[in-house]
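*Asks:* okay, sequence plus prediction incoming.
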Amino acid sequence: MSTPQRPTGPDDHDYDGQGDAVEPTQPSRPGRTAYRRGAAWPNGSTARLRADVLGALGVLKVATADQLQRLLRPGAASNTVIRQALRDLAGHGLVASDGNTRTGHKTWRLEGTAGLEAAGQVLGLPRSDMGGAARGAGRSGAQHAMAVNETVLAFVLGGTAPGAPGGVGTVEDWATEVEFPLPGGKRKVRPDAVWQAPEIGVPVLMVEVDRSTMAPERVAAKFTAYRELFRTKVKTTDPALADEDPADRMVHWWRRTWPGHTRPGYPPVALVVTGAGPVALANRQQAVADLARDAWGGSWWTITRHDNDGDGWREYDDAVPVIATTLELLAEHGPLGPVWWRYGRDGARYSLLDALESPDTRAAYDERQEAREKKARQEHRELMRTLACADCGDVPKQESTLEYGPQGRQEWTRRPGGRCWSCHEKHHEQREQEGEAKAQARLEAARTANAQLRPCWTCRGSIGGEEGSFLELKEKAGPDRLECPQCDSKRSMNQRGPLVLPAPTRRELLAARLSAPADPWWKDRVRHAELYPVKDRTP
């Protein structure tokens, strides 16, 4: 909202708000300046101060002089000048007082149509947007209005604690007594206050002040009503969409009213609770959150995958962001201090802008998923380093790969201290070559040894068999072998009995007594003669 420009003059005291000039100031005595009080404004108030008071009452509807002083002249030592302005305005029928607060402070309000129109001129608003004059509100102490005023003061002035952040904006950024009809026109949503601060990224904030006199169920029902209100769509006036289908030309009315929203979900709502002790207020905020979860909770989404442990995110397209605090915390630390609890987040307190950021969004899930994948990649790299090839040092990209080996397709799995597939093949070939060389050496040694033994009884060849044949002996023949492998195999295939050597003759036996026989099979012939007597042999 913009404040209409006042007519310019020598200084603020030369304009009385009604177009009448007053006498210039004159010193009353040396060292002190006083202002001559005109007949129209006998209490000596200035035009600027009266305009500020009218504008503040146009927003707040009912307030005390102390509240107006803290809001309009926070550096003043007392509210004397505010009371002077109020009395001057009352003398012209623009403001009135009809009661006191419970602490004895007089309450002031705009009086009738004249007061509303005068405040509207200051605020630059038509009479239709000024609401009512809050007549009679002060008779009961205006407790709720006082709590709303203190909330506005905390936003505008900032916190009172040492080092607390300052306030945001002015009272003209606020509106009270605003009504929004719900679809159907029979019901309305009426926020306690509406705040606009697009300069800090808050196009609009609905404020509900709860003095702990209403059942939590009724407070929670307000957020459901807000969601119903924010769901309402109207036809867009964007000329770029003029040729689109009627359904595509519908937009949420609040986006057209307060453009500039960048956060997911509907416009946020702030719940400010007071009227009880810290524990009771904390329990009340939690109770309202539990009862209104459907309005602010959003919908849960996830992607089924093995590496996210069921993690997911929330979509807030049809959700009302709700932040909550106590009036005491707000007054102490201001709206930019760590006083806000965002429904759906942990119990920590955040500054206003941080609290308005929705929790568990898709972007937050993507960050967590990227962190999980990064951790998995790191763990995989560390595992792969343990699987480095013992020969060439190659680090695999995968723990297990399919390779084509000498016997067709097979799975090759790396092991700590093992080899890669190429080095494994080379090692296998090397071992085979070494094995073949050792086998050939054993075979050559066997051939040499068998060549020195007695020959085969049947074929008179080497007792080890034909060189290079499948049946050739790979080791030195035993002392009992009489035939080479080929002759022995033929005997078995022809189903002939075991080989029995001819028994020694008498002459050979007599010759053997004189000298060792030259017959290499002599001992076997003698033994066979003992085992197989001649008389028992089959002819």
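*Replies:* Good, I have the coordinates. Just so it is clear, the structure is predicted and the values come from calculations on it, not from any experiment. Numbers count the residues shown, from 1 in each chain.

*Asks:* surely Trp457 is in contact with Leu501?
*Replies:* Yes: using Cβ atoms under 8 Å, Trp457 makes contact with Leu501 at a distance of 7.0 Å. For glycine as for every other residue, the C-beta is placed from the backbone atoms N, C-alpha and C.

*Asks:* common neighbours of those two, please.
*Replies:* Residues touching both Trp457 and Leu501 (Cβ atoms under 8 Å, 6 or more residues apart in numbering) are 482, 521.

*Asks:* in the stretch 1-150 of the chain, which spans are strands?
*Replies:* 26-29, 32-34, 62-64, 95-96, 107-110 (DSSP state E, counting those that start in this stretch).

*Asks:* ok, now the stretch 151-300 of the chain?
*Replies:* Secondary structure of the stretch 151-300 of the chain (DSSP E, counting those that start in this stretch): strands at 174-175, 180-181, 188-189, 193-197, 202-210, 233-235, 250-252, 269-273, 299-302.

*Asks:* pairing partners for the third one, with directions?
*Replies:* Strand 188-189 has the following sheet partners, assigned by DSSP bridges: strand 180-181 (antiparallel).

*Asks:* tell me which residues touch Ile424, please.
*Replies:* Slight slip there: residue 424 is His, not Ile. Taking Cβ under 8 Å, 6+ apart, we find His424 in contact with 412, 418.

*Asks:* what does the pLDDT read for it?
*Replies:* pLDDT, His424: 85.

*Asks:* how about stretch 269-285: buried residues?
*Replies:* For stretch 269-285, burial by neighbour count (16 or more other Cβ atoms under 10 Å) applies to 269-276, 281-282, 284-285.

*Asks:* check which helix or strand the residue nearest the centre of the chain maps to.
*Replies:* For the chain, the residue sitting closest to the mean C-alpha position, by Cα atoms, centre = their mean, is Ala364 at 2.6 Å. Using DSSP states H and E, Ala364 falls within helix 362-386.

*Asks:* show me what that helix is packed up against.
*Replies:* Helices and strands touching helix 362-386, as assessed by 3 or more Cβ pairs under 8 Å, 6 or more residues apart in numbering; DSSP states H and E, comprise strand 312-315.

*Asks:* can you tell me the closest non-neighbouring residue to His144?
*Replies:* Of all residues not flanking His144 in the chain, Arg211 sits nearest, at 6.1 Å (Cβ to Cβ, 6 or more residues apart in numbering).

*Asks:* what number of residues lie near the one you found?
*Replies:* Arg211 has 16 neighbouring residues, counting by other Cβ atoms under 10 Å.

*Asks:* now do the one 5 residues further on
*Replies:* Other residues near Pro216 come to 19 when the count uses other Cβ under 10 Å.

*Asks:* repeat that for Thr103.
*Replies:* 9.

*Asks:* how much space separates Leu501 from Ala439?
*Replies:* Noted for Leu501: a distance of 33 Å to Ala439, by Cβ to Cβ, to the nearest Å.

*Asks:* an error on my part: the question was meant for Arg414.
*Replies:* From Arg414 across to Ala439, the span is 31 Å (Cβ to Cβ).

*Asks:* the two: which is more packed in?
*Replies:* Legend: neighbour count by other Cβ under 10 Å for Arg414 and Ala439, higher for Arg414 (23 against 11).

*Asks:* nearest residue to that one other than its sequence neighbours?
*Replies:* What sits nearest to Arg414 in space, not counting adjacent residues and going by Cβ to Cβ, 6+ apart, is Leu387, at 4.0 Å.

*Asks:* need the contact list for that neighbour.
*Replies:* Going by Cβ under 8 Å, 6+ apart, Leu387 touches 395-396, 399, 414-416, 418.

*Asks:* any idea what Pro181 is bridged to?
*Replies:* Per DSSP bridges, the residues bridged to Pro181 are Lys188.

*Asks:* flag the shaky bits of the stretch 351-500 of the chain, pLDDT-wise.
*Replies:* Counting by pLDDT under 70, the low-confidence segments of the stretch 351-500 of the chain come to 399-411.

*Asks:* could I get the buried residues of stretch 269-285 in TSV, plus columns for pLDDT and distance to Val204?
*Replies:* Formatted as TSV, those follow (pLDDT from 0 to 100; distance: Cβ to Cβ, whole Å):
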residue	pLDDT	distance to Val204
Val269	98	10
Ala270	98	11
Leu271	98	16
Val272	98	16
Val273	98	21
Thr274	97	23
Gly275	95	26
Ala276	95	28
Leu281	96	25
Ala282	95	27
Arg284	96	25
Gln285	96	22
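
*Asks:* looking at the residues you listed, spot the one nearest Asp294.
*Replies:* Val269 (14.4 Å; Cβ to Cβ).

*Asks:* from memory the closest one sits against Trp340, does it?
*Replies:* No: counting by Cβ under 8 Å, Val269 sits too far from Trp340 to count as a contact (11.8 Å).

*Asks:* overlap of the contact sets of those two?
*Replies:* Joint contacts of Val269 and Trp340 (Cβ under 8 Å, 6+ apart) are Ile323.

*Asks:* wait, doesn't Thr326 sit right on Gly277?
*Replies:* No: between Thr326 and Gly277 there is no contact under Cβ under 8 Å: 10.0 Å.

*Asks:* how distant is the helix holding Ala364 from the center of its chain?
*Replies:* Per Cα atoms, centre = their mean, to the nearest Å, the displacement of helix 362-386 from the mean C-alpha position of its chain is 15 Å.

*Asks:* who's in contact with that helix?
*Replies:* For helix 362-386, the external contacting residues (Cβ under 8 Å, 6+ apart) are 301, 307-308, 311-313, 315, 395-397, 399, 416.

*Asks:* buried set for it?
*Replies:* Buried, per 16+ other Cβ under 10 Å, within helix 362-386: 365, 369, 384.

*Asks:* so which strand or helix has Ala529?
*Replies:* Counting by DSSP H and E, the element that carries Ala529 is helix 522-531.

*Asks:* what is that helix packed up against?
*Replies:* Partner elements for helix 522-531 (3+ Cβ pairs under 8 Å, 6+ apart): none found.

*Asks:* give me the mean pLDDT for that helix.
*Replies:* Here helix 522-531 scores 88 as its mean pLDDT.

*Asks:* next up, the contacts around the closest residue in space to Cys423 that isn't next to it in sequence.
*Replies:* Excluding the flanking residues, the one nearest Cys423 by Cβ to Cβ, 6+ apart is Asp391, at 4.1 Å. Applying Cβ under 8 Å, 6+ apart, we find Asp391 in contact with 419-420, 423, 426-427.

*Asks:* next, work out how far apart Asp391 and Glu382 are.
*Replies:* Counting by Cβ to Cβ, the gap from Asp391 to Glu382 is 21 Å.

*Asks:* same deal with Trp340?
*Replies:* Using Cβ to Cβ, we find Trp340 at a distance of 42 Å from Glu382.
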